[in-house]
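>>> could you look at this predicted model? Sequence included:
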Amino acid sequence: MLLDKMKNVSRRDVLRLTKHYGISSTLLAAGAMTGAVTLPRLAEAAQSTYDKRYKNEPKFKLKFGAAGFNEKNLLIERAGCLQFVNDLEERTDGAIRIEFIGNNQICGQLDCVKKTQQGIVDIYAASTQNSAGGAPYLNVLDYAYMFPSRAAQYHFLYHPGSQKVLRDPLRKRHGLQFLFSHAELRGIQLGLSWKDKPLVTSVTQLAGTKNRVTGTQLGRIAMEKMNLNPTPIAWAETLDGLKQGLIDGAETWASAVAYANMSPVVSQVINLEFFCGTEATAMNGKVFDGLGGELQDAVMESSYLTQVHVQAANEAALVNTVGFSEPQLPNTVFAKHGTRVSMLSAAAKREAEEMCSPEFHPKEWEKWRDRLNDWSGGMDTYKFISDIAREIPKDTLAENVEPRRWWKG
C-alpha cells in the first residue's frame with residue numbers, strides 16, 4: 001500500500017524536519033519519494049528540495065491553505081496539492097514559491113474558500129460542497145444524478161464547456177480561479193450501529209435515518225427526497241458524530257472516509273453516487289491576474305498536469321489503498337477496519353435517481369435551478385452539464401478519459 005512508505009517516519013520526526021527546512025520543502029520531499037521512507041532519506045530529500053526551491057529569489061510568494069491535508073493523507077485521497085506546488089515551482093524556476101499549509105493550520109474545509117476570497121491565503125484546497133457556503137455558485141456541480149460516473153466528471157473537468165458553465169461564472173461571481181479537482185461521487189457512510197446488519201442494497205432501507213450533509217444546498221434537496229434527513233454537521237465533527245451515534249451516517253465519498261481516519265467508525269459504504277464529491281483547488285482571481293501572462297500560463301499548465309496526475313492516481317488509490325472495490329484487496333484501509341462496500345446494482349441506483357433527480361422531480365429543484373441559471377448568465381446549467389457528462393459511453397473507465405486543456409477550447 002502506498003501509505004506504508006511513510007510508516008517509518010513519525011509525525012514528530014516530520015515536525016523536526018519542518019522546523020529546519022520549512023513545511024513546504026519537507027512535505028514536497030516526502031510526496032516525491034518512492035520506496036520505504038526513513039528519517040535519514042527524508043532529511044536528505046528535504047535538504048535537496050530546500051536547496052532547489054531557494055536557489056532563486058521568487059517574484060511571488062503564495063500561501064496555499066490545504067484544509068486538513070498533509071503528506072500522508074494525500075497518498076490516500078490523491079487531490080494533487082503537492083504535485084501542483086512542485087510542478088509550478090519547477091516550471092517557473094522559482095519565480096513562484098508556494099508555502100503549503102495543511103493540517104487545518106490556517107483554514108479548514110468550511111472556511112478555506114472564504115480566506116482565499118479575503119486574501120488571507122492565495123490558493124486553497126477543499127471540497128466544492130463544503131466551499132459552497134462561501135461560494136454558492138459551486139452548487140452548480142451538485143444536481144442529483146447529473147454525473148453518471150467518475151469518468152463523466154473527469155470528462156467535464158477537461159471539457160471547454162466547463163470553462164463556460166463552471167469556471168467563468170465562479171470567477172465573475174466569487175473571484176475564484178478554479179484550477180483542478182479530484183472526482184468521486186457521494187454515497188452514504190453508515191456508522192457502527194450498522195456493523196452487524198445486512199449489507200444495504202437499496203436506499204429505501206435507509207428511510208428515516210439521520211445523515212450528515214455538507215454545505216451544499218442541492219445535496220440537501222436530494223437527501224430530503226430520499227428520506228435521509230440531512231443534518232448539517234461540520235466535517236471536523238463528523239467522526240465524533242458517527243462514533244457517538246448522534247447520526248446514522250454521513251454523505252461523503254470513499255477516499256474521504258479513508259483519509260480522514262473515519263473508517264474505524266464506518267461499517268458500510270453505500271455507493272449511491274448521487275452527486276459530486278470534488279476536492280478542488282482554486283486560486284484568488286486577483287492574485288492570478290497579478291502574475292502576468294507568462295506565469296499565468298505556467299499556472300494553467302501545472303493545473304493541467306496535476307489534473308492528469310489526479311485522474312490516474314486517485315483511480316488507482318481507490319482500489320489499492322482505500323479498498324473501494326468488490327472484492328476488496330487485502331491490507332487496504334477498508335479491509336483493515338472491516339468496512340464493507342455496497343456498490344449497489346444499476347437498478348438500485350436507478351431507484352434512487354427516480355426518487356430525487358431533477359429529471360423526475362423538476363419542481364423541487366426549480367428555485368435553485370433558476371438561481372444558478374441566472375448566475376451563469378442565462379444557461380440551463382443542469383441540461384448543459386448533463387449533456388456534456390453523457391458525451392462519453394456510460395461504461396467508460398475514469399482512467400481512460402482523454403485529457404484536454406479546457407481553457408483552449
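Now that the structure is in, tell me what you want to look at.
>>> for the stretch 251-400 of the chain, what spans make up the helices?
Ranges of helices in the stretch 251-400 of the chain, per DSSP state H, counting those that start in this stretch, are 254-259, 285-290, 293-317, 333-337, 346-356, 362-376, 381-389.
>>> present the ones you listed as CSV; the columns should include distance to residue 276 and mean pLDDT.
Yep, even glycine has a C-beta here, placed from its N, CA and C like the rest. As requested, the helices of the stretch 251-400 of the chain are exported to CSV (distance: least, CB to CB, whole Å; pLDDT from 0 to 100):
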stretch, distance to residue 276, mean pLDDT
helix 254-259, 12, 97
helix 285-290, 22, 98
helix 293-317, 14, 98
helix 333-337, 22, 98
helix 346-356, 14, 98
helix 362-376, 14, 98
helix 381-389, 10, 98
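>>> which of the ones you listed sits most buried?
helix 254-259 (a mean of 27; mean count of other CB atoms under 10 Å).
>>> pull the distance from that helix to the chain's centre.
Centroid displacement of helix 254-259 relative to its chain, using CA atoms, centre = their mean, to the nearest Å, is 10 Å.
>>> ok, residue 327 to residue 343 distance?
In this view, residue 327 and residue 343 are 11 Å apart by CB to CB, to the nearest Å.
>>> for residue 178, which three-state class applies?
Secondary structure for residue 178, judged by DSSP: H, G, I helix; E, B strand; the rest coil, is strand.
>>> give the buried residues for stretch 255-273.
255-260, 262-273 (16 or more other CB atoms under 10 Å).
>>> check contacts around the spatially closest residue to residue 328 that is not a sequence neighbour.
Counting by CB to CB, 6 or more residues apart in numbering, residue 328 lies nearest to residue 335, which is 4.7 Å off, once chain neighbours are set aside. By CB atoms under 8 Å, 6 or more residues apart in numbering, residue 335 lies in contact with 323, 328-329.
>>> which residue lies nearest the spatial centre of this structure?
residue 279 (1.6 Å; CA atoms, centre = their mean).
>>> could you give the bridge partners of that one?
Counting by DSSP bridges, residue 279 forms beta bridges with residue 127.
>>> tell me the pLDDT at it?
Per-residue pLDDT puts residue 279 at 98.
>>> ok, the nearest residue to residue 131 once chain neighbours are set aside to residue 82 distance?
Spatial nearest neighbour of residue 131, chain neighbours left out: residue 113 (3.9 Å); criterion: CB to CB, 6+ apart. Separation of residue 113 from residue 82 (CB to CB) stands at 20 Å.
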